[in-house]
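K.L.:
return a 3D structure for these sequence lines:
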Amino acid sequence: MSRHPRNHLAAPALALLCSVFLVACEQPNRLEQLREDGTLRVLTRNTPTTYYQGRHGDTGLEYELSKRFADSLNLELEMITSPTLDDLYHQLVRERGPHIAAAGLTANPNRAGQVQFSEPYLQVTPQVIYRRGERQPKGLEDLYDKRITVLKGSALADQLRELQAEHPQLVFEESDTLETVDLLRLVNDGEIDFTVVYSNELLVNQAFYPALHVGFDLGPAQPMAWALAGGEDESLLQEVNRFFDSIREDGTLDQLLERFYGHADVLDYVGARAFARHMQQRLPRFEQLFRQSADQHGMDWRLLAAMAYQESLWDPDARSPTGVRGLMMLTLPTAKFVGVTNRVDPAQSIAGGARYLVWVRDQLSTDIPEPDRTWFALAAYNVGLGHLDDARILTRNNGRDPDRWIDVKDHLPLLSKKQWYSQTRYGYARGGEPVNYVQNIRRYYEILTWVTQPQGETPQMPDGKYHAPGILEQLPQGI
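P.N.:
As a prediction, this is how the structure comes out:
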């Protein structure tokens, strides 16, 4: 009898407990909440290797990856820039903060208790950077008592702190007011002795600061990954990992890496200085002609100017042993085809080159998307449509995608080998040349885009010459 009141009281309590348990079980996980929100909020940094505003809108490797991930979930994308790395991590872990940090981060073990890191999508190497002409550092001892600055809150700062345990004379400063490009500029200008950056960051910026060199690698390659708020709920993390597995398997990741890094190392110190010098001395004479022709054909004038530099170094009287002439180095048949009567006349040459490039691009399959379509057109401008078609056929026959530049550029050089060109319609070609041609133009184009404003306003020095920070400052006085 005495047990009946207790049973009578226990039943509602048990029901309440079950109700609470069921409500808890019904709480949506992170991925479900994200789908309900309808918007993927991504934290990033405003840098050339992550996210920035280009001529055609938002771009950068992290932006392109984030956009594809958002699209895979049918979500809108909101990019949020963070002023510092510490702020980025703080925002990420706060309640109802951004969903993901895609900001050129390495999987820092010191942050492991705070955040979750995705599978890596790129391996990067920490490198000690010094200025050409100074003594090359070859080990940690060469860094003792030197002026060294790194990004505050970065894995690189943590790595240097750990090294200080055995190397107390290794001193450095951390800055939360600078970005990587600023650190490279400080080394370039001699304001600090060294900095430490990741290999991909130097690769992208070295053409702007060609005096910079790698002293030594500070350690092995490290995985670059996205970061998510920590906790037991790994639903969103698992979806991110599935996304990276998918784009790695279908080649999208390789294509994006090629787009942002595939042309970044084509300029050496001498080439970068020559380009800067010619940009000062020669380009102003022809800029308006490039603009006029580009506007007429719906092109970016800087792409046309980059082509002309690759062809002639902006020398209107240029002539090759094979008979091509002028700024755009037109052959006689090509000049006749596009209505050019005087190949050494700058206006005619630029207009003719623009018309021919547009014509070539119009002959290409509409299945080829941009920016690959432009790279294909440049390659065909150099080597001819027939040889480009041969390379695309070889690409397809070898199980690669004939509509992607990253695949076709691997097969163009095969056209110089009998084993391969004997299988083609148009036969032998110096197939390595169009690959170098396209890569060089892409690099010149990137530099021209960097030193000009998206709206077309070109920053110039008081004497009317172009101002390219990091390159022009290195030129001897009087050049």
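K.L.:
could you check which helix or strand contains Glu163?
P.N.:
Check again: residue 163 is Leu, not Glu. Per DSSP states H and E, Leu163 falls inside helix 155-164.
K.L.:
show me the contact partners of that helix.
P.N.:
With contacts defined as CB atoms under 8 Å, 6 or more residues apart in numbering, helix 155-164 is touched by 105-106, 108, 110-111, 126, 140, 148, 150-151, 170-172, 174, 196-198, 218-219, 222. C-beta here means a position set from N, CA and C on the backbone, and glycine is covered the same way.
K.L.:
mark which of these are buried, thanks.
P.N.:
The neighbour count (16 or more other CB atoms under 10 Å) marks 105-106, 108, 111, 126, 140, 148, 150-151, 170, 172, 174, 196-198, 218, 222 as buried among the contacts of helix 155-164.
K.L.:
spell out the secondary structure type for Leu178.
P.N.:
Following DSSP: H, G, I helix; E, B strand; the rest coil, we place Leu178 in the coil state.
K.L.:
so who does it touch?
P.N.:
149, 151, 186.
K.L.:
phi first, then psi, for it.
P.N.:
For Leu178, the backbone dihedrals (degrees, to the nearest 10) come out as phi -120, psi 160.
K.L.:
and it, how far from Ala335?
P.N.:
Applying CB to CB, to the nearest Å, the value for Leu178 to Ala335 is 50 Å.
K.L.:
which stretches of the stretch 351-479 of the chain have low pLDDT?
P.N.:
453-479 (pLDDT under 70).
K.L.:
then the stretch 201-350 of the chain?
P.N.:
263-269, 321-322.
K.L.:
helices along the stretch 251-400 of the chain, start to end?
P.N.:
252-261, 269-281, 283-297, 301-312, 332-337, 346-363, 372-383, 385-397 (DSSP state H, counting those that start in this stretch).
K.L.:
export the ones you listed to CSV and tack on distance to Ser422?
P.N.:
As requested, the helices of the stretch 251-400 of the chain are exported to CSV (distance: least, CB to CB, whole Å):
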stretch, distance to Ser422
helix 252-261, 29
helix 269-281, 35
helix 283-297, 38
helix 301-312, 30
helix 332-337, 27
helix 346-363, 25
helix 372-383, 18
helix 385-397, 11
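K.L.:
of the buried ones among the contacts of helix 155-164, which belong to strands?
P.N.:
If you go by DSSP state E, those have 105-106, 126, 148, 150-151, 174, 196-198, 222 in strands.
K.L.:
wait, a strand at Leu228?
P.N.:
Yes. Checked against three-state DSSP, Leu228 lies within a strand.
K.L.:
contacting residues for it?
P.N.:
With the criterion set at CB under 8 Å, 6+ apart, Leu228 makes contact with 92, 99-101, 115-118, 236-237, 240.
K.L.:
from Ser416, how far off is it?
P.N.:
48 Å.
K.L.:
what's the answer for Pro168, then?
P.N.:
Taking CB to CB, one finds Pro168 at 56 Å from Ser416.
K.L.:
how many residues are close by Ala112?
P.N.:
11 (other CB atoms under 10 Å).
K.L.:
residues in contact with Asp37?
P.N.:
Leu75.
K.L.:
quick one: pLDDT of it?
P.N.:
pLDDT recorded at Asp37 is 89.
K.L.:
ditto for Val124
P.N.:
94.
K.L.:
what sits closest to it if chain neighbours are left out?
P.N.:
Tyr198 (4.0 Å; CB to CB, 6 or more residues apart in numbering).
K.L.:
same question for Ser66.
P.N.:
Val42 (4.6 Å).
K.L.:
which strand or helix spans that neighbour?
P.N.:
Residue-wise, Val42 maps onto strand 39-44 under DSSP H and E.
K.L.:
what residues of that strand count as buried?
P.N.:
40-44.
K.L.:
before we move on, what about stretch 78-87?
P.N.:
Of the residues in stretch 78-87, those buried (16+ other CB under 10 Å) are 79, 82, 84-85.
K.L.:
mind checking the SS state of Ser246?
P.N.:
Going by three-state DSSP: Ser246 is helix.
K.L.:
for it, give me its contacts.
P.N.:
72, 252.
K.L.:
for Phe290, same thing?
P.N.:
With CB under 8 Å, 6+ apart, Phe290 has these contacts: 301-302, 304-305, 308, 350.
K.L.:
distance of it from His213?
P.N.:
Phe290 is 33 Å from His213, by CB to CB.
K.L.:
cool, and Ala379?
P.N.:
Distance from Ala379 to His213, by CB to CB: 31 Å.
K.L.:
okay, the two: which has more neighbours?
P.N.:
In this view Ala379 and His213 are compared by other CB under 10 Å, and Ala379 has more residues nearby, 26 against 18.
K.L.:
what's the closest of the contacts of Leu178 to Asp315?
P.N.:
When the contacts of Leu178 are compared for distance to Asp315 (CB to CB), Leu186 wins out at 35.5 Å.
K.L.:
between the helix or strand that that closest one is a member of and helix 155-164, how many degrees?
P.N.:
For Leu186, the host element (DSSP H and E) is helix 180-188. Using axes from the mean of the first three to the mean of the last three CA atoms, to 10 degrees, the inter-axis angle of helix 180-188 relative to helix 155-164 is 50 degrees.
K.L.:
mind listing what's buried in stretch 390-398?
P.N.:
390-392, 394-395.
K.L.:
biggest separation within those, which pair?
P.N.:
Asp390 and Thr395 (9.7 Å).
K.L.:
so how far is Trp420 from the residue lying closest to Asn46 once chain neighbours are set aside?
P.N.:
Closest residue in space to Asn46, ignoring its immediate chain neighbours: Thr81 at 4.8 Å, by CB to CB, 6+ apart. Look at Thr81 and Trp420: by CB to CB, they are 47 Å apart.
K.L.:
just the closest of the contacts of Phe290 to Asn440, please.
P.N.:
Ala308 (12.0 Å).
K.L.:
ok, that closest one - contacts?
P.N.:
Counting by CB under 8 Å, 6+ apart, Ala308 has contacts 286, 290, 314, 327-328, 350, 353.
K.L.:
nearest to Pro48, out of the contacts of Leu178: which one, please.
P.N.:
Leu151 (14.6 Å).
K.L.:
what is that closest one paired to in the beta sheet?
P.N.:
Bridge pairing for Leu151 (DSSP bridges) gives the partners Ser175.
K.L.:
surely it and Leu184 touch.
P.N.:
No. Using CB atoms under 8 Å, Leu151 makes no contact with Leu184, being 11.6 Å away.
K.L.:
show me what contacts Asp58?
P.N.:
Applying CB under 8 Å, 6+ apart to Asp58 gives the contacts 51-52, 67, 79.
K.L.:
sorry, wrong one. I was asking about Val214.
P.N.:
127-129, 202.
K.L.:
10 Å instead?
P.N.:
125, 127-130, 136-137, 197, 199, 202, 206 (CB atoms under 10 Å, 6 or more residues apart in numbering).
K.L.:
compare the residues you listed and tell me which has the most neighbours.
P.N.:
Neighbour max across the contacts of Val214 (other CB under 10 Å) = Val197, 28 neighbours.
K.L.:
neighbours around the closest residue to it other than its chain neighbours, how many?
P.N.:
Nearest non-adjacent residue to Val197, counting by CB to CB, 6+ apart: Thr180, 5.4 Å away. Thr180 is flanked by 25 other residues according to other CB under 10 Å.
K.L.:
helix/strand/coil for Thr452?
P.N.:
coil.
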